[in-house]
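Trainee: sequence isn't available, so here's the structure alone:
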């Protein structure tokens, strides 16, 4: 089956349904149906390996008993299918019984449906969508894994699906970060805002090549841990893990910021952290109270940095994407976080990335912060990754590719200071020099911004982003002033 044709057929059917508004909802609709199809294939695999296997899904709601059309006229369609999905299937899966002994591969079914919905209002069109997805033949073990390629196509389409793009980090970026950190079999890898699971998949691809025994297989299956706040990416991530042979994916549907960081102990820590924390948002005061006073911030990316510092094992390694604002920010919380990082962790490398890496979702310039918990940072290297020759702007049709990281990967193992046209491209700073800068880490930046002529829709998107960013900054300043005034006698 053609990958593009498969996705296009689904989109063409759903565009005719009045209940679905835009690509983001189309993807969410696809997601829960695909999950049930993939989970059914995995259950068939588990039943073949385990004696007396029993599904957590009641027989009436298993894919093969309601979704498969046997062409005998008995398949549910129209209003009957809508009534079944809305008033029987979803309530049943959202309320599956479980306890503290329920294995994760069962828990994920209820978690996948807790905050998801069926948007389609035309039962005949819904039957068409179900039939297209049921054409996928997972009868053989390799067929299930081959579907991972189709799934990557769907995930990439998130980048152009309105706000849903925030959950997808380009594969070239996740692969580079994983390669530089190099997780090993037996290590635990975490992403505390995992989105669709891109970082975890990049790590698993490296671990897969290291498997040599049954013990390695067990370690592989238990290597990853993810948390995702929003329903759609959580469902996409769980399905992604199943497709990549993780039978008990520990992917929690929740908010990593809602636990007091001072309550974490050694059992809550990880060997490797790979992530792209949400940035530009803000949290309510009850969440900020989960952090020490000096680390409390209105910026979500700052709070996630504090979580990472509290949940990284001794000698553990981390690679984290952060916005430019974190590097040059001088407010008390950002300064305290950077001071703690440099004094208690080995922040050895900062890779600065071009502005359009996350285009078309956002034009905010980002960086990759590499550090480990093996002592303080005596020195920190900064490296600017320039746009490839002949390319002025990454886009949906011309995304960042793995080979674009080749200059950074080559420099990584042979570090030298580089100056181009009078500007630093790679430079080493001591801890004392960075402290003297007031922990302003905005060095080796891009010397100038060339004017870009962008398509009108992308120009409008960038304007809205900047306006939202400035509005959020103003709101934070006003809130701080109000807090000061409220505290006056």
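Mentor: Done, it's in. Values in this document were obtained by computation on a predicted structure and should not be read as measured data.
Trainee: only C-alpha atoms from now on, for both contacts and neighbour counts.
Mentor: Fine.
Trainee: by mean pLDDT, which helix or strand of this structure comes out lowest?
Mentor: Every helix and strand of the chain was ranked by mean pLDDT, DSSP states H and E. The lowest is helix 141-156, at a mean of 63.
Trainee: check which element follows it along the chain.
Mentor: Next in sequence after helix 141-156, counting helices and strands by DSSP states H and E, comes helix 171-181.
Trainee: and the host helix or strand of residue 27, what does it pack onto?
Mentor: Element membership of residue 27 [criterion: DSSP H and E] is helix 23-49. Judged by 3 or more C-alpha pairs under 8 Å, 6 or more residues apart in numbering; DSSP states H and E, the packing partners of helix 23-49 are helix 3-14, helix 63-66, helix 123-134, helix 141-156, helix 231-243.
Trainee: give the buried residues for it.
Mentor: 23-43 (16 or more other C-alpha atoms under 10 Å).
Trainee: got the angle for it vs helix 3-14?
Mentor: 120 degrees (axes from the mean of the first three to the mean of the last three C-alpha atoms, to 10 degrees).
Trainee: ok, residue 442 to residue 424 distance?
Mentor: For residue 442, the distance to residue 424 equals 12 Å [C-alpha to C-alpha, to the nearest Å].
Trainee: which of these two has more residues huddled nearby?
Mentor: residue 424 (18 against 15; other C-alpha atoms under 10 Å).
Trainee: what is the distance between the host helix or strand of the more buried one and the centre of its chain?
Mentor: Element membership for residue 424, per DSSP H and E: strand 423-430. How far strand 423-430 lies from its chain's middle: 30 Å, per C-alpha atoms, centre = their mean, to the nearest Å.
Trainee: buried ones in that strand?
Mentor: 424, 425, 426, 427, 428, 429.
Trainee: what of stretch 474-486?
Mentor: Neighbour count says stretch 474-486 has residue 476 buried, by 16+ other C-alpha under 10 Å.
Trainee: low-confidence bits of the stretch 51-200 of the chain, can you list those?
Mentor: 139-150, 152-167 (pLDDT under 70).
Trainee: and the chain, what are its domains?
Mentor: Using automatic domain parsing, the domains assigned to the chain come out as 3-155, 158-451, 453-489.
Trainee: just those: most buried one?
Mentor: domain 158-451 (a mean of 19; mean count of other C-alpha atoms under 10 Å).
Trainee: what helices and strands are in contact with the strand ranked longest in the chain?
Mentor: In the chain, with assignment by DSSP state E, the single longest strand is strand 312-323. Here strand 312-323 is seen to pack against helix 171-181, strand 270-275, strand 366-372 when contacts are counted using 3+ C-alpha pairs under 8 Å, 6+ apart.
Trainee: go with 7 Å
Mentor: strand 270-275, strand 366-372 (3 or more C-alpha pairs under 7 Å, 6 or more residues apart in numbering; DSSP states H and E).
Trainee: just so I know, which of the ones you listed lies nearest residue 226?
Mentor: Closest of the helices and strands packed on strand 312-323 to residue 226 is strand 270-275, at 9.9 Å (criterion: C-alpha to C-alpha).
Trainee: so what strands line up beside that closest one?
Mentor: Here strand 270-275 is paired, per DSSP bridges, with strand 189-191 (parallel), strand 312-323 (parallel).
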